[in-house]
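# how would this look folded up:
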Amino acid sequence: MRACDVASSEASGGGINAHPMDQFMVKSLFGGDGVGFLTITNQTLWLAIAVLIAVAILVLPVRNAGLVPSRMQSVAELAYGFVRKMVVDVLGEEGLKFFPYIFTVFIFIAISNVQGLLPWSFTTTSHIAVTAVLALAVFITVTVIGFMRHGLHFISLFWVSSAPTVVLRCLLFVIELISYFVRPLSHSVRLAGNMMAGHAVLKVFAAFVPALGVAGIIPIGAMTGLFALELLVAFVQAYIFTILTCVYLNDALHLH
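Numbers count the residues shown, from 1 in each chain. Okay, the predicted model is just below:
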C-alpha cells in the first residue's frame, strides 16, 4: 500500500507529524539539491518503470500468443478489447486509425496511477508537468487533424449557427473558442488533482497509526477502504482522460 510509506509520518513527542505533500517532491537520484533539465530524478525513474511494466504486461505475453491464452495474455487482450470498444463507440470504425495512440495513452496513465500506490513509489501523474504534456499532446494532435481534414472550415466548430441572432452567435463563438483552448488545462488538472488529493489523504491517515498506538487499528481500517477507493480512482481517471481524448478527436473528425 502506498500509505505504508509512513516513515516520514512518525509520531514525535506524542503528537502527529504528518507531511502528506512530501511524497510528491521531485528529487535527484544521485544527490544534490538542484534539479536541472537533464537531472535524473525519482520522477524520471518511475516514468521509465511505467514503460517497462507496459512492455512486460502487453508486449511479452503476446509474442508467442496461443489459442488458449495465458493469464497475462488474457490481461493484454482484455485491455486491448476495452479500449478498442471505447474508440469504436465514440469515433466509429474510422477512428481505429488512432487506436494505437489512444491505447498507449490509456495504458501509460493507468499503470502510472496504480504504481503510485506501491510502497516507496512515486506518483508521476500527480504532477502537472506530466499531465500537461499528455494533455497538450492530445490538444495539438486534435487541432492538427482538424485543420488537415477540414482546412479553415474547422473553425466552424466554434460557430453556433442555430443561435437566433448574429450577436449571440458572435458571443458564443468567443465562448466556444475560449472553451477549446482551456481544454488542455482542465484535461491535465483533473488527472493531477485527483491523484494528488487521494494520496495526500492516505498519508494523513497513515500518520495517525503510530500516534494512536493500539487505537491505530481504526485509521488502518479507514486506509484500507481509501486504498480500495484510490485503486478504483486510478483506473477511472485513466478512463476519463482517454474518453475525453476520444471525444476531442471526434470533434476534429466530425464537425458538430
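
# contacts only, for residue 25.
Contact analysis of residue 25 by C-beta atoms under 8 Å, 6 or more residues apart in numbering lists nothing. Where C-beta positions appear, they are placed from N, C-alpha and C, glycine not excepted.

# can you tell me how far it sits from residue 135?
Taking C-beta to C-beta, to the nearest Å as the measure, residue 25 falls 23 Å from residue 135.

# do the same with residue 196
Distance, residue 196 to residue 135, using C-beta to C-beta: 16 Å.

# tell me the secondary structure for residue 36?
Assigned by DSSP: H, G, I helix; E, B strand; the rest coil, the conformation of residue 36 is coil.

# elements contacting the top helix by length along the chain?
Scanning the chain for the longest helix, with DSSP state H as the assignment, gives helix 166-212. Packing partners of helix 166-212 (3 or more C-beta pairs under 8 Å, 6 or more residues apart in numbering; DSSP states H and E): helix 128-150, helix 217-253.

# the same query, at a cut-off of 10 Å, please.
Packing partners of helix 166-212 (3 or more C-beta pairs under 10 Å, 6 or more residues apart in numbering; DSSP states H and E): helix 99-115, helix 128-150, helix 217-253.

# got the angle between that helix and helix 99-115?
With axes from the mean of the first three to the mean of the last three C-alpha atoms, to 10 degrees defining the directions, helix 166-212 sits at 30 degrees from helix 99-115.

# ok so, going back, which one's more surrounded, residue 196 and residue 135?
The residue with more neighbours, out of residue 196 and residue 135, is residue 135; 25 against 20, by other C-beta atoms under 10 Å.

# circling back: check the offset of the longest helix of the chain from the chain's centre.
Offset of helix 166-212 from its chain centre (C-alpha atoms, centre = their mean, to the nearest Å): 12 Å.

# do the same with stretch 52-60
Remark: stretch 52-60 is offset 18 Å from the chain centroid, using C-alpha atoms, centre = their mean.

# what's that stretch in contact with?
72-73, 75-77, 79-80, 103-104, 107-108, 110-112, 114-115 (C-beta atoms under 10 Å, 6 or more residues apart in numbering).

# for residue 161, what is the enclosing helix or strand?
Residue 161 is part of no helix or strand, with elements assigned from DSSP states H and E.

# for it, which non-adjacent residue is closest in space?
residue 169 (7.1 Å; C-beta to C-beta, 6 or more residues apart in numbering).

# contacting residues for the residue positioned nearest the centre of the chain?
Nearest residue to the geometric centre of the chain (C-alpha atoms, centre = their mean): residue 109, 4.2 Å. The contact partners of residue 109, by C-beta under 10 Å, 6+ apart, come to 50, 124-125, 130-131, 134, 191, 195, 234-235, 237-242.

# just those residues now: which is nearest residue 90?
residue 242 (9.8 Å; C-beta to C-beta).

# pretty sure the closest one contacts residue 99?
No - Residue 242 lies out of contact with residue 99 (C-beta atoms under 10 Å); the separation is 11.1 Å.

# hey, what's in contact with both of the two?
Any residue near both residue 242 and residue 99 by C-beta under 10 Å, 6+ apart counts here, and that gives 83, 86-87.

# highest mean neighbour count out of the helices and strands packed on helix 166-212?
helix 99-115 (a mean of 20; mean count of other C-beta atoms under 10 Å).

# next one: residue 167 from residue 230, what distance?
Residue 167 is 48 Å from residue 230, by C-beta to C-beta.

# oh, that last question was meant for residue 246, not what I typed.
Separation of residue 246 from residue 230 (C-beta to C-beta): 25 Å.

# what of residue 100?
29 Å.

# ok, now residue 35?
Using C-beta to C-beta, residue 35 is found at 27 Å from residue 230.
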